[in-house]
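quick one, structure for this:
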Amino acid sequence: MPIQIEPHSISSRKILYQEWLAAPLLFFASALILSLAYLHYNWPGEWISSAQPLSWNGAALTLNKGQGYTNQGKLIIKGLADQDVAVASLSPTAFQAKDYSTIIWSVSGASPSIEMEFLWRTADNRIFVRPLVWVANTLEPLQTTEDKNWQGQIIDLAIIVKGTLAAPILVNSISLEPTSLPRTLLHRVKKWFTLDRWQGTSINFVDGGALNKNAPPVLAIAVIISLALVLNLILAITKIMPLNIAMVGSMVLLGWFILDARWQANLFQQLALTHQQFAGKTWDDKHLAAEDGALFNFITKVKAKLPATNSRILYFSDDTYSRGKGAYHLYPHNVLALNELPPTSQLKTGDYIALFAKKKVEYDQSHQLLIWGDEQSIKVDLLFLAEGNALFKVR
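Have a look, this model is predicted:
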């Protein structure tokens, strides 16, 4: 005898299927509504622009302040001016600011002690400056859609480098993207899947710049879920679909899954890079491959010149991180890590003086004098000198 299926069981199963299908549909409908509302109030001009992208390689820039040279289409900044500043400028064919909403600087080789700014000058000779933000070892694209100063005719562009230069900086290129909605949406999608390397905020955020954004991912997902639940309530009141408490859980899980999938993808990309950077290397080679490898290499050379017994080492650097990390590597020697060199009266024969990324200190090789500050000088022996960093021994 064949099994008879109750008609109402098929109907119940169909309703249950429709309710579970409704959860993702409401979620994405909510995301679409919020996206359109955001664009309506925040998009500055035409949704599709006829302007063409602008791009120049680093060699097109002129180094107005600092020391450097061009090589293979790049500008290499190897030294800063007296005020610890370097300025590289570009004078392109004048263009209208409203046609371009994204400025992308491709720069590599910068350390945490370096700050960068973007400068532009308009045809009426007004100059404006915006800070450039480092995210995952690259400069974050600068969005100008909400900057009231980005208007009129632009005649000059420049990048400003400030701080302490421990290694040369490579300016690879600068490009300007048109104010176009499709381009911006494509850029946002690409950015969602772009690797965000480990940094101080990685414990809480996949996107290191999330704190500075109008819509951080977690907040955006929370708002999308809230609107989706409101839409579900409206549909229930109008009796288009029944109200089901399981919809709340399914939407929360969907939002959670989207955020976690992005985090997991970033984690596996970071794992591959970490393996490539450190796998199979010795303890020393791992330190040399790290971001502060130049500092570790310098400290290794310093320790090779020091006696086995504990010695007094005066270690100076303009960079706070380099002072602390360098002093750590020099232990168990008697290390004094400072920013500025003390008066000569506080130095004694046999002291070692190590200088890393330190400005305003000179060495007179002919007289074997270390000179700094207000005509302070002392007789020293140069033990080694490499890339502007040195080790001396006080006579």
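
tell me where the stretch 1-150 of the chain has helices.
With DSSP state H, counting those that start in this stretch as the criterion, the stretch 1-150 of the chain has helices at 7-42.

all strands for the stretch 51-200 of the chain, in order.
54-57, 62-65, 67-71, 74-79, 85-90, 95-96, 100-108, 114-122, 127-132, 134-135, 138-139, 142-143, 153-163, 169-178 (DSSP state E, counting those that start in this stretch).

of all the ones you listed, which one is nearest Leu186?
For those, the distance to Leu186 is smallest for strand 169-178, at 10.0 Å, taking CB to CB. Heads up, the C-betas are built off the backbone N, CA and C, glycines and all.

paired strands for the closest one, with orientation please.
strand 54-57 (antiparallel), strand 74-79 (antiparallel), strand 100-108 (antiparallel) (DSSP bridges).

mind putting the ones you listed in JSON lines, distance to Lys360 and mean neighbour count included?
Shown next, in JSON lines, are the strands paired with strand 169-178 (distance: least, CB to CB, whole Å; neighbours: other CB atoms under 10 Å):
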{"stretch": "strand 54-57", "distance to Lys360": "33", "mean neighbour count": "16"}
{"stretch": "strand 74-79", "distance to Lys360": "13", "mean neighbour count": "20"}
{"stretch": "strand 100-108", "distance to Lys360": "26", "mean neighbour count": "20"}
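
who touches the residue nearest to Gln277 when sequence neighbours are not counted in this structure?
Take Gln277 and drop its neighbours on the chain: the residue closest to it by CB to CB, 6 or more residues apart in numbering is Ala289, 5.4 Å away. Ala289 sits next to 277-278, 281 when contact means CB atoms under 8 Å, 6 or more residues apart in numbering.

try 10 Å this time
Ala289 is in contact with 276-278, 281, 296, counting by CB atoms under 10 Å, 6 or more residues apart in numbering.

re earlier: Throw the strands paired with strand 169-178 into JSON lines and include mean pLDDT and distance to Ala31, thanks.
Formatted as JSON lines, these follow (pLDDT from 0 to 100; distance: least, CB to CB, whole Å):
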{"stretch": "strand 54-57", "mean pLDDT": "93", "distance to Ala31": "32"}
{"stretch": "strand 74-79", "mean pLDDT": "91", "distance to Ala31": "41"}
{"stretch": "strand 100-108", "mean pLDDT": "89", "distance to Ala31": "22"}
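
look up how far Lys286 lies from the closest residue to Asn149 other than its chain neighbours.
Residue nearest to Asn149 in three dimensions, not counting chain neighbours: Phe128, with 4.3 Å by CB to CB, 6+ apart. Per CB to CB, to the nearest Å, Phe128 is found 43 Å from Lys286.

ditto for Thr164
25 Å.

more neighbours: which of the two?
Using other CB atoms under 10 Å, the more surrounded residue of Thr164 and Lys286 is Thr164, with 20 against 15.

wait, what's in contact with that one?
80, 84, 111-114, 317-322, 356-359.

can you tell me which of those residues is nearest Pro343?
Distances from Pro343 to the contacts of Thr164, taken by CB to CB, are shortest for Lys358, at 16.8 Å.

what about the closest one, which SS state?
Three-state assignment for Lys358 (DSSP: H, G, I helix; E, B strand; the rest coil): coil.

and it, what pLDDT?
If you check Lys358, the pLDDT there is 89.

now stretch 367-380: buried residues?
Buried residues in stretch 367-380, counted by 16 or more other CB atoms under 10 Å: 370, 372, 378, 380.

can you dump the C-alpha coordinates of it into PDB?
Listed next in PDB are the C-alpha coordinates belonging to stretch 367-380 (Å, rounded to 0.1, in the frame of the first residue of the first chain):
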ATOM      1  CA  HIS A 367      90.900  65.100  13.300                       C
ATOM      2  CA  GLN A 368      89.000  62.000  14.500                       C
ATOM      3  CA  LEU A 369      86.400  64.200  16.200                       C
ATOM      4  CA  LEU A 370      82.700  63.500  16.800                       C
ATOM      5  CA  ILE A 371      80.900  66.800  16.700                       C
ATOM      6  CA  TRP A 372      77.300  67.600  17.800                       C
ATOM      7  CA  GLY A 373      75.100  70.200  19.400                       C
ATOM      8  CA  ASP A 374      76.500  73.600  20.400                       C
ATOM      9  CA  GLU A 375      80.100  73.100  19.400                       C
ATOM     10  CA  GLN A 376      80.400  69.900  21.400                       C
ATOM     11  CA  SER A 377      83.200  67.500  20.300                       C
ATOM     12  CA  ILE A 378      85.200  64.600  21.500                       C
ATOM     13  CA  LYS A 379      88.100  62.500  20.300                       C
ATOM     14  CA  VAL A 380      86.900  59.100  19.100                       C
END
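
quick one on the thing from earlier: now a PyMOL select for only the buried ones of the contacts of Thr164.
A single PyMOL command is used to select the members of the contacts of Thr164 judged buried by 16+ other CB under 10 Å:
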select buried, resi 80+84+111+112+113+114+317+318+319+322+356+357+358
